[in-house]
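Participant: what follows is a predicted structure for the sequence shown.
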Amino acid sequence: MTDINPELLQIFREEADERIERIADTLVRIEGGDASPEALGALFRDAHSIKGVAGLMGYDDVYERAHAMEDELEQARAAGALAPELIAPLLSSLDAIRQSIQGGSSEAVQPAVVLSPAATPARSRSMRVDARRVDSLLDTVGETVLHHRRLEHVLRYDQSTTGDDDAEDLLHRGERLLDELQHSVIQLRTLPLSSITGPYPRTLRDLAASLDKDVELVFEGTETQLDRVVLEGAAEAISHLLRNAVAHGVESAEERERAGKPRRARIVLRAQQFGDRVAIEVADDGRGVAPELLERARLTGSLADVLAEPGSSTAETITEVSGRGVGLDAVRHHLQTVGGELEIQSQPGAGTVARLLVPVSLVLLQVLLVECEGSTIGIPLTSVSEIRRSTGRVSLSGRPGLRHGDDVVPLRDLLAALGGRTRPLPASGPALIVNAADQPVALLCDRIVGEQHVIVKSLGPILDAMKVYLGSTILGDGGIALIADPSRLEVHDGRRQVTAAATPDARAPTVLVVDDQFTVRELQRGILQAAGYDVETARDGREAWNRLSDGPDPDLVITDLEMPEMDGIELVEAIRRRTEGSALPVIILTSRSRADDERRGLDAGADAYIVKERFDQQALIDTVERLIGR
Amino acid sequence: MTAEQLLVQVQDERYGVPVQDVVEVLRIGAVTAMPGAPAVVLGLQNLRGQAIPVVDLASLLGLAEPAPRPYGVVVDDAGRLACFAVEAVLGIELLAGSEQDTEGKGPLIGSALSGDALVGLLDVAALLDATITAVT
């Protein structure tokens, strides 16, 4: 217990304090007949937690008292009531616990390192802050960085400030300040590795004893600082690797003696910083992994890969242990979520070294994860103002829009906004109102996955030019999510924006759909409207012809072949015979696929012939776009 | 110029990738499509916690015809990591190639005979440069 790290001690004290206060408060409320039915369960859990940690930290007196309290409370919980005469003794027991923990009654718990003679005790110099507040501060800083990038983008491309040295200086200065700010906030979240190693000596000693092994655990470099989140992610992996080393890595004392090694095995937990990464090693001087596994590793390139396969294990332990491979695989997945890697090296007879490589700090971003045609896309949550259904669609100067409060915002497929292929806008599905570079936009996606804190890694030198992404992140299941930069989303379809700029009140192109089946007409109406067209319909060639004779021409006609009154061929021929507007593009959309029908339709003057069997929304939209020349 | 080459097959053609640039060969797993990326970039693949671009070697070489390309050749050119998707990996051979096209600086820098088959020799740095150009 003399080895206990002062910071860990501080955390223990603070946590215990909180629990003690809670217990006292609840006891008093029970006495006053003002406690909820769950109160007894909560009391028991608090006492149990104090007992557990006190045991690990070596506070034996606290352990004993908390243990006694736990027993009383367990009975009370089972009985459903706490006898009133027990409350006073419980409270005085609680006071004793508080004194032991805070009073420093045991000299051994004083920090082993005295900072300087004049320094006040370490605990008065620290301030306890809820981790969530630090995270929220970091989120804000992250968002400020994004904001700065946007500002930079605007200033660099603004004619009036281009080449302005003052603007450049200000931008550089802003960038430097933000770097410092981000660095400071990240520092707030760092803790030494030793803050999690406290329980290891004891648990490993117990494990070794149960396996009849003699093991010495040595710590090296555990003062190395790591981001709290990385530390939490790595803690489980480290504990797994240490237990592995004791259980499977090192031999029994007898076996070691026979092999000419010291009876006592040595396991070293070592941490060292290399640049922006920290290597945490668990090294044992045991028997090493089986030569055949090493040989396989030599062929595939990674011993960690081989050992992570279910069923493989260190030499001679296969019968003893099942599922070690699965465990190691889980360790690796877990590490990946904090951007870490696992490497394993081994020498038969001499030992095994498992090395976790983790980043010193993380730039965490809270994102909303959504799915779009099988890709998972993350959007920084601070840019998302609303998630809603995409009902209430309207036309916004000829382009699809969505009502948002009193405004109408452009409606786009997220896929298209990222620069991906254009598909017809899905008829339904969730829409995100996202604050893009200069205006809010409604983005359609297939499915909302949820919110998550993710570590954003750059896309690397090859994909660096894909500025629409801030980077990527590895998800808990090993999948990859791309993180979008809201300020780089394409809010407008570039081509259409030009038209709109040239003629500010440009109307949407109109398509006349001619089909005798209601469902077909409505299907096409939906597809075309979603793609930004105004749609008129006619039930047959005659109705269509009357419409063409009465009003201004639409921009395009889509017609069926087989219809009562006047069929598609007759309609096309009639259109082509007109003196005016004979260039009106016509698409024949039919279920007939006979070659001579197609020829007949095209001979009559149709511009395109689409067979419904091959019907694909995208093909229709593409054909319409091509013929209208947008 | 004699060098160890990893022979791969794309679209009935054989190509050699210098072994010194190859990190590993793998079976391509789940590839995350990347909206907005050019056709040569098939997406991203998780290689032990690192998202690396999967590049369609065939379309990079102008041979694009859709076909399954189940194998990946992971290359590293001075820290630029990428995975080339290919139809098959045939093995490693020591090939003596004739240099051609040295002025073009294209990805195809020469050819060699492997048995009766003509093998195009590839330059990894130029392939990656071509990918970057396609992305930009």
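Facilitator: Yes, it's here. Residues are numbered from 1 along each chain as shown, chains lettered A, B, ... in the order given.
Participant: which residue, other than its chain neighbours, is closest to residue B:68?
Facilitator: Distance criterion CB to CB, 6 or more residues apart in numbering or on different chains; nearest residue to residue B:68, sequence neighbours excluded, is residue B:87 at 7.3 Å. All C-beta atoms are positioned from the backbone trio N, CA, C, and that covers glycine.
Participant: flag every buried residue along stretch A:199-209.
Facilitator: A:200-201, A:203-204, A:208 (16 or more other CB atoms under 10 Å in any protein chain shown).
Participant: ok, and what's touching it?
Facilitator: Outside stretch A:199-209, the residues that touch it by CB atoms under 8 Å, 6 or more residues apart in numbering or on different chains are A:3, A:56, A:214-215, A:217, A:239, A:242-243, A:246-247, A:267, A:269.
Participant: repeat that for stretch A:215-224.
Facilitator: Residues outside stretch A:215-224 that contact it (CB under 8 Å, 6+ apart): A:192-194, A:197, A:200-201, A:204-205, A:208, A:242, A:246, A:250, A:264-273, A:278.
Participant: and it, average pLDDT?
Facilitator: Stretch A:215-224 shows a mean pLDDT of 86 in the predicted model.
Participant: okay, now that stretch: how far is its last residue from its first?
Facilitator: 24 Å (CA to CA, to the nearest Å).
Participant: max-length helix in chain B?
Facilitator: helix B:124-135 (DSSP state H).
Participant: anything in that one near chain A?
Facilitator: Yes - Helix B:124-135 is in contact with chain A by CB under 8 Å from any CB of the partner chain, via B:128, B:131-132, B:135.
Participant: closest one of those residues to residue A:441?
Facilitator: Proximity of these to residue A:441 (CB to CB) peaks at residue B:135, which lies at 24.3 Å.
Participant: need the contact list for the closest one.
Facilitator: So residue B:135 contacts A:462-466, B:37-38, B:41 (CB under 8 Å, 6+ apart).
Participant: what does chain B have sitting close to chain A?
Facilitator: Residues of chain B lying near chain A (CB under 8 Å from any CB): B:23-24, B:30, B:32-37, B:41, B:44-46, B:48-53, B:55, B:79-82, B:128, B:131-132, B:135-136.
Participant: in strands only, show me these.
Facilitator: B:23-24, B:41, B:44-46, B:50-53, B:55, B:80-82 (DSSP state E).
Participant: in CSV, list the residues you listed along with neighbour count and pLDDT.
Facilitator: Shown next, in CSV, are those (neighbours: other CB atoms under 10 Å in any protein chain shown; pLDDT from 0 to 100):
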residue, neighbour count, pLDDT
B:23, 15, 93
B:24, 15, 93
B:41, 24, 94
B:44, 28, 95
B:45, 22, 93
B:46, 20, 88
B:50, 17, 81
B:51, 26, 89
B:52, 25, 94
B:53, 27, 96
B:55, 27, 95
B:80, 18, 91
B:81, 18, 93
B:82, 26, 96
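Participant: which pair in those residues spans the largest distance?
Facilitator: B:24 and B:41 (19.7 Å).
Participant: and the lowest mean pLDDT element among the helices and strands of chain A?
Facilitator: Ranking every helix and strand in chain A by mean pLDDT, DSSP states H and E puts helix A:494-502 at the bottom, with a mean of 36.
Participant: same check on chain B?
Facilitator: Within chain B, no helix or strand scores below strand B:98-99, which has a mean of 70 by mean pLDDT, DSSP H and E.
Participant: residue A:254 and residue A:538: what is the separation?
Facilitator: 95 Å (CB to CB, to the nearest Å).
Participant: among these two, which residue is more densely surrounded?
Facilitator: residue A:538 (22 against 11; other CB atoms under 10 Å in any protein chain shown).
Participant: what residues are bridge-paired with the more buried one?
Facilitator: Counting by DSSP bridges, residue A:538 forms beta bridges with residue A:514.
Participant: so it sits against residue A:544, correct?
Facilitator: Yes - in this structure, residue A:538 is within contact of residue A:544 by CB atoms under 8 Å, at 3.8 Å.
Participant: who touches both of those two?
Facilitator: A:512, A:514.
Participant: mean confidence for stretch A:406-426?
Facilitator: For stretch A:406-426, the per-residue pLDDT averages 84.
Participant: interface residues of the stretch 451-600 of chain A facing chain B?
Facilitator: Counting by CB under 8 Å from any CB, the stretch 451-600 of chain A comes close to chain B at A:457, A:459-466, A:468-469, A:472, A:474, A:478-482.
Participant: which of the residues you listed fall within strands?
Facilitator: A:469, A:472, A:474, A:480-482.
Participant: export those as TSV, with columns for neighbour count.
Facilitator: Formatted as TSV, these follow (neighbours: other CB atoms under 10 Å in any protein chain shown):
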residue	neighbour count
A:469	24
A:472	27
A:474	25
A:480	23
A:481	25
A:482	28
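Participant: please identify the helix or strand for residue A:565.
Facilitator: Assigned by DSSP states H and E, residue A:565 falls within no helix or strand.
Participant: meant to ask about residue A:512, not that
Facilitator: Going by DSSP H and E, residue A:512 is in strand A:510-514.
Participant: hmm, who's touching whichever helix or strand comes after that strand?
Facilitator: Sequence-wise, the next helix or strand downstream of strand A:510-514 (DSSP H and E) is helix A:518-530. By CB under 8 Å, 6+ apart, the residues outside helix A:518-530 that reach it are A:393, A:395, A:400, A:424-427, A:511, A:513, A:515, A:535, A:537, A:539, A:558, A:560, A:589, A:617, A:620-621, A:624.
Participant: now do residue 96, the pLDDT please.
Facilitator: With no chain named, the answer covers chain A. Value for residue A:96, per-residue pLDDT: 86.
Participant: my question was about chain B
Facilitator: Reported pLDDT at residue B:96 in the predicted model: 82.
Participant: who's it bridged to?
Facilitator: Residues in beta-bridge contact with residue B:96 (DSSP bridges): residue B:2.
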